[in-house]
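Q: Sequence and predicted structure, then a few things I'm wondering about:
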Amino acid sequence: MNRTHLTIVTAMIALSSTTQATENPATALRAADAGRLVSVSMGGDIAILLPTYPGDSFSWRVRSHDGLQIAGPVEAIPDPSRSVGAPGGLHVAIIRLRATRAGRASAVVEQARDGGGFGANYLRYRFIVR
């Protein structure tokens, strides 16, 4: 099992412990998945896992979403692929969405300064919901 897989598995365990269980398993995506068309099931959960540093005054948020529902607040957990107990280390922000209608759907997430302002980094995710 490689580090990326371990990170996704650990994040999905954290995700499942904070969300209601659904019939469809969650689809886990990373920054590298932005822009590509991803197939998801109707009612399926989507977890977007993005790098974040606690205390850097930037956080990830959903800027817009079409055909998707925000399924919970953005949460950050320590990145399990990094050293345990390393202070100020990389965390993983988990953005949770749910597919709510068949057809095409999309979400734009941004990394923006806490307290408002314009985003410093935008990622667009595209889905086909079946």
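A: That came in fine, so what should we check first?

Q: drop to CA atoms for contacts and neighbour counts, all remaining ones
A: Will do.

Q: So which residues of this protein form helices?
A: Ranges of helices in the chain, per DSSP state H, are 3-18.

Q: As a check, name the ranges of all strands in it.
A: Along the chain, the stretches classed as strands by DSSP state E are 27-29, 37-40, 45-52, 58-66, 68-70, 75-78, 91-99, 103-113, 119-129.

Q: tell me the most buried of those?
A: Most buried of those, by mean neighbour count (mean count of other Cα atoms under 10 Å): strand 91-99, with a mean of 24.

Q: R104 and G67 touch, don't they?
A: Yes: R104 lies in contact with G67 (Cα atoms under 8 Å); the separation is 7.2 Å.

Q: Residues in a beta bridge with the residue positioned nearest the centre of the chain, which ones?
A: Compute the mean C-alpha point of the chain, and by Cα atoms, centre = their mean the closest residue is I48, 1.9 Å away. Counting by DSSP bridges, I48 forms beta bridges with L29, I95.

Q: For it, report the pLDDT, please.
A: Predicted confidence (pLDDT) for I48: 97.

Q: residues contacting it?
A: Shown in contact with I48 (Cα atoms under 8 Å, 6 or more residues apart in numbering): 28-31, 93-96.

Q: Give me the distance between D33 and L90.
A: Separation of D33 from L90 (Cα to Cα, to the nearest Å) stands at 20 Å.

Q: Neighbour count: those two, which is higher?
A: L90 (19 against 15; other Cα atoms under 10 Å).

Q: so for stretch 89-108, what's the average pLDDT?
A: Mean pLDDT, stretch 89-108: 95.

Q: start to end distance for it?
A: Across its full length, stretch 89-108 reaches 26 Å between end residues, using Cα to Cα.

Q: and D66, bridged to which residues?
A: Here D66 sits in beta bridges with S106, going by DSSP bridges.

Q: Surely it is in contact with G103?
A: No: the criterion here is Cα under 8 Å, and D66 misses it with G103 at 10.5 Å.
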